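Asks: sequence first, then the predicted structure, then my questions.
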Amino acid sequence: MEFILNLIFIIAGLGMVASVLLQSSKSAGLSGSITGGSQSLFSKKKGIDDLLAKLTVIFAVLFMGLAIVLTSLG
């Protein structure tokens, strides 16, 4: 049982890292204002960003919940 929880814990952690890294940047910062970051405003894939944001929340909740459960089991 504990092995399965550890496996799900690792998968949730990797999924959270992947979903965060795949998201596009919300603000371009100073470099975006110099190089014309306003052009990328119209070319964003809004549906994919929303999906990745929801997946990040799901993976984070699963990760934190499993961290608490695995700590209490140990």
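Replies: Here it is on my side, so go on. On a predicted model such as this, the values are computed, not experimentally measured, just so you know.

Asks: okay, and the helix or strand of the chain with the least pLDDT?
Replies: Lowest mean confidence among the helices and strands of the chain (mean pLDDT, DSSP states H and E): helix 29-35, at a mean of 58.

Asks: which is the next helix or strand following that helix?
Replies: helix 46-73 (DSSP states H and E).

Asks: once you drop chain neighbours, what's closest to G13?
Replies: Once flanking residues are discounted, G13 sits nearest to F63: 5.7 Å by C-beta to C-beta, 6 or more residues apart in numbering. Backbone N, C-alpha and C define where each C-beta goes, glycine included.

Asks: in contact with the one you found, which residues?
Replies: F63 sits next to 9, 12-13, 16 when contact means C-beta atoms under 8 Å, 6 or more residues apart in numbering.

Asks: among the residues you listed, which one lies nearest to A67?
Replies: The nearest member of the contacts of F63 to A67, counting by C-beta to C-beta, is F9 at 7.1 Å.

Asks: with adjacent residues omitted, what lies nearest to that closest one?
Replies: That would be L66: by C-beta to C-beta, 6+ apart, it lies 4.4 Å from F9.

Asks: could you report the distance from L5 to L70?
Replies: Counting by C-beta to C-beta, to the nearest Å, the separation of L5 from L70 is 6 Å.

Asks: oops, could you answer that again for K54 instead?
Replies: Applying C-beta to C-beta to K54 and L70 gives a distance of 24 Å.

Asks: again, but for N6
Replies: 7 Å.

Asks: I'd say L55 and V17 touch.
Replies: No - applying C-beta atoms under 8 Å, one finds L55 not in contact with V17, separated by 11.5 Å.

Asks: thanks a lot, see you next time.
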